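Student: Test case, fold it:
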Amino acid sequence: MTMIVWLTRHLQTLVGTLGDLSRNPFSSILSISVIGIALALPGGMFAALENINKFTAEFEHGAKISLFLSPEVSIIHAKKLQQSLAQHGDIKHIEMITPDQAMEEFKLRSGLKDALNSLADNPLPVVLLAYPEDSVARSPEKLSDLINELGKLEPVELSQFDLEWIKRLTAFMELANRAVWVIAIILGLGVFLVIGNTIRLAIVNRQEEIRIIKLIGGTDSFVRRPFLYSGLLQGLFGGLLALLVIFLLFSFISRPASSLSSMYGISFGLDPLQLLPSLILVSSGALLGWLSARVTVGVYLRQFEPGKSQL
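Tutor: Have a look, this model is predicted:
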């Protein structure tokens, strides 16, 4: 029975708080809009980073280490080396380009077909293309170790890979991730203060009512409850609005992004926040609203009862 009474009181408070928000639509919409925009910025940046990770993963899948073998290495020897490297734990796939295949491609790309046809011998070596595992391709340290290991193999004359862009990309992503966290903390503090100020105004408008409740024996929990629900609901609706803003923004730019990626031969579409980050964003808004309301009400309750030291 006690649990039913407790749930009934909270349900009544929740409904009453929704009614208070609906009776002041302009101030409620204004406050929720500010919260939604503040939460949408870090949420949108996080979604953008997730899409950048997905976009760069397409390039990482195509990352390859070129192993130029010595000119005297035969095709048979090269195939044996290919089979051996295919068993390497850090290599996902390995291909072989024969001198004849390399020459035909060079003729097509260079436009020097007639000049190259006049050559007596094919000077191009056998080339092995080693595609590293995704976990290795994303780690400059592991990739550098693999390149050095393959370059020390006896038949390999030169191992080549553009490692600098991987290092630059890794550094950029780390910087961007930290920037998102800094912005999220700053804007989270802004949401905390916005909701706190809204609750403060509500307390000021109802201070006589609160005094009367306290005089007739109303508990701090009874006084505090509607303000906590008000802060929680504002944060919750602000988080939902942030999700809507992110969804509309990504829907607006998704088609141009797909057109751009198709020019690079990559099938890529922008995705808004996934389920788990969306739940975290909405929950963060609700939690910030609840915490802000609790702190603000606690400060003002002490003013009504100077001897009171806790909420």
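
Student: List phi and psi for E72.
Tutor: phi -80, psi -10 (degrees, to the nearest 10).

Student: oh sorry, the question was meant for T98
Tutor: phi -80, psi 160.

Student: and it, how far is that from L128?
Tutor: 11 Å (Cβ to Cβ, to the nearest Å). Just so you know, the C-beta spots here come from the backbone N, C-alpha and C atoms, and that holds for glycine as well.

Student: what's the answer for L153, then?
Tutor: Applying Cβ to Cβ to L153 and L128 gives a distance of 10 Å.

Student: quick one: L287 and S144, what's the gap?
Tutor: Separation of L287 from S144 (Cβ to Cβ): 43 Å.

Student: err, T2, not the other one
Tutor: 65 Å.

Student: Neighbour count for the two, which is higher?
Tutor: S144 (15 against 6; other Cβ atoms under 10 Å).

Student: which helices and strands sit right next to the helix or strand that one falls within?
Tutor: Here S144 sits within helix 140-151, counting by DSSP states H and E. Applying 3 or more Cβ pairs under 8 Å, 6 or more residues apart in numbering; DSSP states H and E, we find helix 140-151 packed against strand 65-69, strand 127-132, helix 134-137, strand 156-160, helix 164-205.

Student: For the next helix or strand after the last one, buried residues please.
Tutor: What it means is helix 164-205. The helix or strand immediately downstream of helix 164-205 is helix 207-215, counting by DSSP H and E. The neighbour-count check on helix 207-215 (16 or more other Cβ atoms under 10 Å) flags I210, K214 as buried.

Student: what does stretch 83-96 give?
Tutor: Under 16+ other Cβ under 10 Å, the buried positions of stretch 83-96 are L85, D90, I91, K92, I94, M96.

Student: Same question for stretch 13-24.
Tutor: T13, T17, D20, L21.

Student: ok, V127 - how many residues close by?
Tutor: So V127, with other Cβ under 10 Å, has 19 neighbours.

Student: Show me the beta-bridge partners of it.
Tutor: Beta-bridge pairing for V127 (DSSP bridges): F68, I97.

Student: pretty sure it is in contact with I97, am I right?
Tutor: Yes: with contact defined as Cβ atoms under 8 Å, V127 counts as touching I97 (4.3 Å).

Student: give me the element P125 is part of.
Tutor: Counting by DSSP H and E, P125 is found in no helix or strand.

Student: neighbours around it, how many?
Tutor: Using other Cβ under 10 Å, P125 has 20 other residues around it.

Student: again with S159
Tutor: 19.

Student: Tell me who's in contact with it.
Tutor: In this structure, S159 makes contact with I65, S66, L67, F68, I147, N148, L150, G151, judged by Cβ atoms under 8 Å, 6 or more residues apart in numbering.

Student: from the residues you listed, which is closest to S221?
Tutor: I147 (64.8 Å; Cβ to Cβ).

Student: That closest one reaches L67, doesn't it?
Tutor: No: taking contacts as Cβ under 8 Å, I147 lies outside contact range of L67: 9.5 Å.

Student: who has more neighbours, the two?
Tutor: Legend: neighbour count by other Cβ under 10 Å for I147 and L67, higher for L67 (28 against 18).

Student: how about that one, what does it touch?
Tutor: Contacts of L67 by Cβ under 8 Å, 6+ apart are V127, L128, L129, A130, L150, G151, L153, V156, L158, S159.

Student: Pull out the buried members of those residues.
Tutor: Buried among the contacts of L67 by 16+ other Cβ under 10 Å: V127, L128, A130, L150, G151, V156, S159.
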